[in-house]
Each structure stands twice: as structure tokens, then as C-alpha cells.
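K.L.:
Quick one, structure for this:
(one chain, ligands or ions: 1)
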Amino acid sequence: MNETSGTAPGFELLTRAASSIAGRTDALFLTMLAICGTMALALALLIVWFSVRYRDGAHADRSDPPSHANGLEAAWTIAPMLLFIGIFAWAAHDYIDERRVPAEALPVYVVAKQWMWRLQHGNGRQEINELHVPIDRPVVLVLASQDVIHSFFVPAFRLKQDVVPGRYTRLWFTATRLGDFRILCSEYCGTQHSGMLGHVIVMRDADYAQWLASGPAPHGDPTPARLGEAVYRRLACASCHGADSSVHAPPLHGLYGRVVALDGGERVLADDEYLRESIVAPKRRTVAGQPALMPSYRGQVGEEDLQNLIAYLRSIGADKGPP
Ligand code: CUA
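P.N.:
Alright, predicted model coming up:
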């Protein structure tokens, strides 16, 4: 699979594009570079020209200097404004598109920590600092941080996303070239920040399926939902949320993907973000008609366990689709 490998290139001004959005990002970037470069060059030439023409002792005509030029002033205000609004609309269109995750995207759960990337596929297969993905299929990364702010950056995909502790961020892409592409951390996160490196390995569909099935364990790793079920048992969630509990906490079966009514009349979709918050900061948004008894589990469950626990809740939820 390495015949079109993306590694070890010579000097490149722009890493060769390898994702479906990379071409559009490059077009926007190069257009802005051309506009800014043309302006900078024009201004530099004008500075030189004026410096020579109006230097001390030059015989330039200084009689009757214009006090104002309304047409010129309007033109140099309106023209850049229209240009910038146009660039804004173009960029907004592309960025909004990048935020819309296709429903069929393959989910991969990523936890960033000082100083490594830990990735988990839907079937439970785990990787450290490597991400295997199939070519020409959308993949969505659900990113969490165990400690400080990191930033997931794949230059060849033209993708960069901050990974912020306390929340999930999402990033999707479709890889369009086979090969091996660098993952960098692009947010300073401590002494080993520069060593927080990884690789995306883009494979043919069949190779990817074979790779995915061949976990380190004979039958692959347990799925995130299975691991999450163990966390559910370890934390004894059922002692309050179970059907036969005397506490009558909201039942968790069928919760994921449903709309929940909150105190104060707000309604919220029970998704990854809401469930995560309910576990680590349950007092922030409480369910209508329920006493706020749930203790915070901040510090007791790591990001990996949280992701697995939510995968379990998803597996027993109303909406079992990918995030
Ligand atoms: Cu992680 Cu820099």
C-alpha cells in the first residue's frame, strides 16, 4: 500500500493534499495569499516611488495639493469591503460544510493526553499514535483531552482541531490518497509537545477491513460498549438508575438520542456532550421534576472510561447510530 506513500517527501511548499476538503482549503488559502501579496507588493512599490519622487530637494510639482478626493476614498473603502465580504462568505460556506458530519461516517474515539494520542475504533480496536482509515470513506473523530489543550493536526488533510479538556469536539474527513500522513499536536501542551506525533495510515477498503478484524487479542478487543458496561457496573450506576432502585433516578435505557426536559423549561438532546456533562457536572443542567441527587464523577472516571460508558449508554439508547 506504500506505492503512493506520503512520507519522506523532499522540500514541499504545501504538503500534497490528501483529503476531500484539502483542495478547497488550498484554493481559499492561495487566493488570500495572492490578494495580500499583490497588495503588499503594490504598497511597497508606492512607498519606494513616493520616497524617490518627493524626497528632500526633488523638483516635484507641489503646487495646488488636493485637499480631498471623495471618489477615490469611496473606492478604496468599498472595494476591499466587498472583497472581504466575498472571502468571508466563501470561507463560511466551506467551514460550515466541514462541521456537517455525514451520517454514515465511521466513528473513531480519540483521547489526547500528555503526550500521546490514543484512538479507539467502533469495534474496540485500539491504537496509540496511529490511525488506520479506509480511503474514500468519511471518518469522524470524537476528540477528548485527559489533561490540557492539545490540537489534532494532519497537514496533508488540511485539518486542525483543538482538543479541549471538559468537552467533545468532532472532526471529519474523507481521505483521498493511500499512504502514511503525519499527525502533529499544534497546541503547546508541555515539555514533550514536539514529540506528540502520530501517523494516519490510509488503506484500501479490503486492507482496512482485514486490519480492523485482526486485533491484538484473538477475537479482537472488547467493544467500547462492552468496556463501558464494566464501567457502569464498577460505578454502580444501576443502584440509582436501575428499574428496581428506590431512588428513581432517570432510567438510562432508551435515553441516548431522546430529547430531555430540563429544569427551567429548556429541552436538550441526550447526546455524547450532554451525557458527559451529566456525569462530571450533573448540577449544571438538571432534569425537570428530579431532585438533584446525582454526585459529580469528575476525577473518578478518566476520558477513556467516559467515552466507553457513553458508548454503552448509546448501545442501550433510543438512537444507536454513530454520533
Ligand atoms: Cu499535545 Cu502539544
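
K.L.:
What segments of the stretch 51-200 of the chain are strands?
P.N.:
106-113, 116-121, 126-128, 130-134, 138-145, 150-154, 159-163, 169-174, 179-185, 198-203 (DSSP state E, counting those that start in this stretch).

K.L.:
Residue 292: which of those is closest?
P.N.:
Each of those was scored for nearness to residue 292 using Cβ to Cβ, and the closest is strand 138-145 (24.9 Å). No exception for glycine: its C-beta is placed from N, CA and C like everyone else's.

K.L.:
Which secondary structure elements does the closest one sit against?
P.N.:
strand 106-113, strand 159-163, strand 169-174, helix 303-315 (3 or more Cβ pairs under 8 Å, 6 or more residues apart in numbering; DSSP states H and E).

K.L.:
Which residues does it contact?
P.N.:
Contacting residues not belonging to strand 138-145 are listed as 101-102, 104-113, 133, 152, 161, 163-175, 272, 303, 306-307, 322-323 [Cβ atoms under 8 Å, 6 or more residues apart in numbering].

K.L.:
Could you turn the buried ones of the residues you listed into a PyMOL selection?
P.N.:
Only the buried members of the contacts of strand 138-145 enter the following PyMOL selection, criterion being 16 or more other Cβ atoms under 10 Å:
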select buried, resi 101+105+106+107+108+109+110+111+112+113+133+152+161+163+164+168+169+170+171+172+173+174+175+272+303+306+307+323
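
K.L.:
which residues sit against stretch 75-92?
P.N.:
Defining contact as Cβ under 8 Å, 6+ apart, one finds that stretch 75-92 is touched by 28, 31-32, 35.

K.L.:
about what we covered before: could I get the strands of the stretch 51-200 of the chain as CSV with distance to residue 258 and mean pLDDT?
P.N.:
Shown next, in CSV, are the strands of the stretch 51-200 of the chain (distance: least, Cβ to Cβ, whole Å; pLDDT from 0 to 100):
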stretch, distance to residue 258, mean pLDDT
strand 106-113, 20, 89
strand 116-121, 25, 88
strand 126-128, 30, 85
strand 130-134, 31, 93
strand 138-145, 20, 91
strand 150-154, 30, 94
strand 159-163, 28, 91
strand 169-174, 20, 90
strand 179-185, 35, 92
strand 198-203, 35, 93
